[in-house]
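Peer 1: how does the following fold in three dimensions:
(4 chains)
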There are 2 protein chains.
Amino acid sequence: MTDLAEPARPAAPPRRRDAGATRAAILEAARNAFAATGYDRTSLRDIAALAGSDVALIPRYFGGKEGLFTEALKATIAPDRLRDWDRSRFSRDVAEMMAGAADIADPRTRTFQFLLQAATSPTTAPLLGRAVEERFLAPIRDWLGDAAGQERARVLAAIYIGFLVERLIRGAALEGPERTAFIERVTAVIDGVVGPQP
Amino acid sequence: MTDLAEPARPAAPPRRRDAGATRAAILEAARNAFAATGYDRTSLRDIAALAGSDVALIPRYFGGKEGLFTEALKATIAPDRLRDWDRSRFSRDVAEMMAGAADIADPRTRTFQFLLQAATSPTTAPLLGRAVEERFLAPIRDWLGDAAGQERARVLAAIYIGFLVERLIRGAALEGPERTAFIERVTAVIDGVVGPQP
DNA sequence: TCGACAAGTCAACGCGCATTGACATGGGCC
DNA sequence: GGCCCATGTCAATGCGCGTTGACTTGTCGA
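Peer 2: As a prediction, this is how the structure comes out:
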């Protein structure tokens, strides 16, 4: 984590004493750090350094590491929704997204990594279940808009999750003809589930 | 982890000095413990207690925690059954396996949990990647036995992982018509990837 | 039977961690 | 302008971890 910890924010506006801003900075740093390295391998010292803050503030503001984690999880689950996809390009868009590098810069990758970390803990797994329902299943279901939408949405979500995990494991991005073939294949698979573009 | 550590093996035959058996007991305990709580949250002391053994033996026999984990992974991802599968029933078999994956008593569930845990820790993800390539992708690739085998195997692996995650998140086992519909859908998806039965 | 060596035990070390409490200090309010 | 509480700093504490090395004990071949 030391590589992440160093620069913090080189020429940041010298934040003055502002508990709210400090809290927010810590929370943002926590979301990134937890997503990148997981709960156990992320130390409060890392987060504090990343936020340009002091370690001791974290137990004080969030009641401890676990408190910070749950709050970061809430902040991650809550806000944005699935963007509006063009249905005629849906499967190909999704396939290309999946083929993309394990790009840490992509906020979707970060979010997903974070959520998946949460899935392995019995205490946070229900949170993930709710997040998936809210962020994936419901929008896709509405979007499919037919009777079988529920179950097809679930299959689609599973495939989506599967490819993201696969990317997580491999680390490297797909390139060249391998990438092309991959996209073709995934497009076909998704079309098989949601139906080809009408 | 203390709840796991206590009983060890109540009325087990008093194992005498046998390095092979001790090694095996440690490995078995490690597979369970890693699957249940993940790499970071599992201590060697937990594993040793679970195996009714001593902590110091683990670095000695396995070269350290990572060595133990790698070996446990290898023991878990065994390609043994794959070659026995009847190709004409392949997709349906896999689909049914996925439908039953939430059953805690099923040893396959432990495998799933183990893999998911491994995927979400940055330390273990590369180890998992190597193990999956060697023990999962390569056999399936050979089994499919055509030029596109590599990429289809990867797609299949991703789908497999995705459904296991989905099952783990939801927790409850599938029942009745929901289960039937699930199996039908997954079978169709897999057929779409590996090709329908020839 | 007995000695040698493998197998198992035990205590200790160093390390990194989260957390604590005592201390310094800035800035809004009278 | 000066108090005083919210805000931030710092050093110290205790704990659990993986790992090490010196030790004891069982077992098997000569």
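
Peer 1: and the closest residue to DNA strand C within chain A, how far from A:Asp191?
Peer 2: DNA strand C sits closest to A:Gly64 of chain A, with a gap of 3.0 Å, by C-beta to the nearest atom of the strand. (C-beta placed from N, C-alpha, C; glycine too.) A:Gly64 is 47 Å from A:Asp191, where distance means C-beta to C-beta, to the nearest Å.

Peer 1: do the same with A:Arg141
Peer 2: Relative to A:Asp191, and taking C-beta to C-beta, A:Arg141 is found at 18 Å.

Peer 1: who has more neighbours, these two?
Peer 2: Remark: of A:Arg141 and A:Asp191, A:Arg141 carries more neighbours, 20 against 16, as counted by other C-beta atoms under 10 Å in any protein chain shown.

Peer 1: pretty sure A:Ile30 contacts A:Ala48?
Peer 2: Quick fix: residue A:30 is Ala, not Ile. No: counting by C-beta atoms under 8 Å, A:Ala30 does not reach A:Ala48; the two are 9.7 Å apart.

Peer 1: what parts of chain A come near DNA strand D?
Peer 2: By C-beta under 7 Å from any atom of the strand, the residues of chain A that approach DNA strand D are A:15, A:17-22, A:53-57.

Peer 1: the residues you listed also near DNA strand C: which ones?
Peer 2: The overlap between the residues of chain A next to DNA strand D and the neighbours of DNA strand C (C-beta under 7 Å from any atom of the strand) comes to A:17, A:55-56.

Peer 1: name the helices or strands packed onto the helix or strand A:Pro177 falls within?
Peer 2: Assigned by DSSP states H and E, A:Pro177 belongs to helix A:176-194. For helix A:176-194, the elements it packs on are helix A:90-99, helix A:149-170, helix B:149-170, helix B:176-194, judged by 3 or more C-beta pairs under 8 Å, 6 or more residues apart in numbering or on different chains; DSSP states H and E.

Peer 1: ok, which of those comes nearest B:Ala131?
Peer 2: Within those, the stretch nearest B:Ala131 is helix A:149-170; the backing value is 9.6 Å (C-beta to C-beta).

Peer 1: report the buried residues of that closest one.
Peer 2: Applying a neighbour-count criterion of 16 or more other C-beta atoms under 10 Å in any protein chain shown, the buried positions in helix A:149-170 are A:149, A:151-170.

Peer 1: select only the buried ones of the residues of chain A next to DNA strand D in PyMOL?
Peer 2: What follows is the PyMOL syntax selecting those of the residues of chain A next to DNA strand D that are buried according to 16+ other C-beta under 10 Å:
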select buried, chain A and resi 22+53+57
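
Peer 1: among the residues of chain A next to DNA strand D, name the ones in helices.
Peer 2: Here DSSP state H is the test, and the residues of chain A next to DNA strand D give A:19-22, A:57 as lying in helices.

Peer 1: would you mind giving those residues as TSV with pLDDT and distance to A:Asp93 added?
Peer 2: Output for these, formatted as TSV (pLDDT from 0 to 100; distance: C-beta to C-beta, whole Å):
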residue	pLDDT	distance to A:Asp93
A:Ala19	87	42
A:Gly20	89	38
A:Ala21	94	37
A:Thr22	95	39
A:Leu57	97	42
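
Peer 1: next up, the contacts around A:Arg154.
Peer 2: A:137, B:166 (C-beta atoms under 8 Å, 6 or more residues apart in numbering or on different chains).

Peer 1: got phi/psi on A:Gly63?
Peer 2: When read as degrees, to the nearest 10, the backbone of A:Gly63 gives phi 80, psi 10.

Peer 1: how near is it to DNA strand D?
Peer 2: As judged by C-beta to the nearest atom of the strand, to the nearest Å, A:Gly63 and DNA strand D stand 15 Å apart.

Peer 1: repeat that for A:Val193.
Peer 2: To DNA strand D, A:Val193 is 42 Å away according to C-beta to the nearest atom of the strand.

Peer 1: what's that residue in contact with, if anything?
Peer 2: A:152, A:155-156, A:159, B:185, B:189.

Peer 1: now pLDDT too, for the residues you listed, in TSV please.
Peer 2: Formatted as TSV, the contacts of A:Val193 follow (pLDDT from 0 to 100):
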residue	pLDDT
A:Arg152	78
A:Val155	79
A:Leu156	80
A:Ile159	82
B:Arg185	83
B:Val189	85
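
Peer 1: low pLDDT regions in chain A?
Peer 2: Applying pLDDT under 70 to chain A flags the ranges A:1-15, A:77-87, A:100-110, A:119-128, A:131, A:135, A:146-149, A:171-173, A:195-198.

Peer 1: one more time with 50, if that's ok
Peer 2: A:1-13, A:79-82, A:101, A:197-198 (pLDDT under 50).

Peer 1: in JSON lines, list the contacts of A:Val193 along with distance to B:Tyr39.
Peer 2: Formatted as JSON lines, those follow (distance: C-beta to C-beta, whole Å):
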{"residue": "A:Arg152", "distance to B:Tyr39": "35"}
{"residue": "A:Val155", "distance to B:Tyr39": "30"}
{"residue": "A:Leu156", "distance to B:Tyr39": "30"}
{"residue": "A:Ile159", "distance to B:Tyr39": "26"}
{"residue": "B:Arg185", "distance to B:Tyr39": "33"}
{"residue": "B:Val189", "distance to B:Tyr39": "31"}
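
Peer 1: now the helix holding A:Pro177 - C-alpha only, PDB.
Peer 2: In PDB, the C-alpha atoms belonging to helix A:176-194 read as follows (Å, rounded to 0.1, in the frame of the first residue of the first chain):
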ATOM      1  CA  GLY A 176      -5.900  -8.200 -30.200                       C
ATOM      2  CA  PRO A 177      -7.800 -11.100 -31.700                       C
ATOM      3  CA  GLU A 178      -8.300 -12.700 -28.300                       C
ATOM      4  CA  ARG A 179     -10.200  -9.600 -27.300                       C
ATOM      5  CA  THR A 180     -12.300  -9.600 -30.400                       C
ATOM      6  CA  ALA A 181     -13.200 -13.200 -30.100                       C
ATOM      7  CA  PHE A 182     -14.100 -12.700 -26.500                       C
ATOM      8  CA  ILE A 183     -16.400  -9.800 -27.200                       C
ATOM      9  CA  GLU A 184     -18.100 -11.800 -30.000                       C
ATOM     10  CA  ARG A 185     -18.700 -14.700 -27.700                       C
ATOM     11  CA  VAL A 186     -20.000 -12.600 -24.800                       C
ATOM     12  CA  THR A 187     -22.200 -10.600 -27.000                       C
ATOM     13  CA  ALA A 188     -23.700 -13.900 -28.300                       C
ATOM     14  CA  VAL A 189     -24.200 -15.200 -24.700                       C
ATOM     15  CA  ILE A 190     -25.900 -12.000 -23.600                       C
ATOM     16  CA  ASP A 191     -28.100 -11.900 -26.700                       C
ATOM     17  CA  GLY A 192     -29.100 -15.500 -25.800                       C
ATOM     18  CA  VAL A 193     -30.300 -14.300 -22.500                       C
ATOM     19  CA  VAL A 194     -32.000 -10.900 -23.100                       C
END
